[in-house]
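# can you look at this prediction? I've put the sequence above it.
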Amino acid sequence: MDLHRERELVTRARKDPAAFAQLYDHYYPRIFGYVLRRTADVEAAQDITAETFSCALGKFWQFRWRSISFSSWLYKIAGNETNRYFRAAQYRKSVSLEELQAEGYDPIAPCDLEGELIEAQERLERHREYLEIQKKIARLPAQYQEVIALRFFEHKQLKEIAQILGKKEGTVKSLLHRAIERLRQAE
């Protein structure tokens, strides 16, 4: 969504709840993905995303177009809610493949068992790598977790990350550099 359309919807949403619903529909998948990548827990990500939009709706009257877009404001709220989640619960366990199967994971195609096995092994390996990276990221201080997630998982530009975090662009570059160095040292 471009900034002009976003601004138009935000203005309309102050009087028309249907416009806020459009903002919600557009940004929910992005915010959910961001939170899921930070927590590696589907249920927690759903709860945090719901809390993010609840908070945004409750404080919607406070939002002003200054140096931050509405989407950046949502990411900022989501980051705060995610940090609150980690402070309250510390680190929660990741979902294992066995748990996914217990929850109803179904094979892709019953007739191609060999292909399915290869694909499942590849997904399992990607999942293991993701969990290993997630564990390393989870050990970082919250400010480093945020910049890593926003830059590499959400593909945000440094300028937008600076807006989301309320920091200068140079500070974000420095945080990102230090976060990457800490991840390298964790290997």
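Arrived safely, thanks for sending. Numbering: from 1, shown residues only.

# tell me where this structure has helices.
For the chain, helices defined by DSSP state H occupy the ranges 3-13, 17-39, 42-58, 70-89, 97-102, 113-138, 142-148, 158-165, 169-185.

# so what touches the third one?
This points to helix 42-58. Under the criterion Cβ atoms under 8 Å, 6 or more residues apart in numbering, residues 20, 24, 28, 31-32, 35-36, 39, 63, 73-74, 77-78, 81-82, 85, 92, 95 lie in contact with helix 42-58. Using the backbone N, CA and C atoms, a C-beta is placed for each residue, glycine as well.

# now render the helices of the chain as a markdown table, adding mean neighbour count and mean pLDDT.
Formatted as a markdown table, those follow (neighbours: other Cβ atoms under 10 Å; pLDDT from 0 to 100):
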| stretch | mean neighbour count | mean pLDDT |
| --- | --- | --- |
| helix 3-13 | 14 | 80 |
| helix 17-39 | 18 | 88 |
| helix 42-58 | 17 | 90 |
| helix 70-89 | 19 | 88 |
| helix 97-102 | 11 | 61 |
| helix 113-138 | 13 | 77 |
| helix 142-148 | 21 | 91 |
| helix 158-165 | 20 | 91 |
| helix 169-185 | 15 | 93 |
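
# so R12 touches E6, yeah?
No - taking Cβ atoms under 8 Å as the definition, R12 is not a contact partner of E6, at 10.9 Å.

# tell me, what residue is most central in the chain?
Y34 (1.1 Å; Cα atoms, centre = their mean).

# ok, now which ones touch that one?
So Y34 contacts Y75, A78, A149, L150, F153, E154 (Cβ under 8 Å, 6+ apart).

# could you dump those into TSV and include distance to A45?
TSV is the format used below for the contacts of Y34 (distance: Cβ to Cβ, whole Å):
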residue	distance to A45
Y75	14
A78	10
A149	12
L150	15
F153	12
E154	13
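
# which one of these sits closest to I137?
Each of the contacts of Y34 was checked against I137 using Cβ to Cβ; the closest is A149, at 7.6 Å.

# which residues does the closest one contact?
For A149, the contact set (Cβ under 8 Å, 6+ apart) comprises Y34, R37, R38, I137.

# let's go with 6 Å and repeat that
By Cβ atoms under 6 Å, 6 or more residues apart in numbering, the contact list for A149 reads R37, R38.

# separation between it and Q22?
A149 sits 25 Å away from Q22 when distances are taken as Cβ to Cβ, to the nearest Å.

# how about I118?
Distance of I118 to Q22, computed by Cβ to Cβ: 42 Å.
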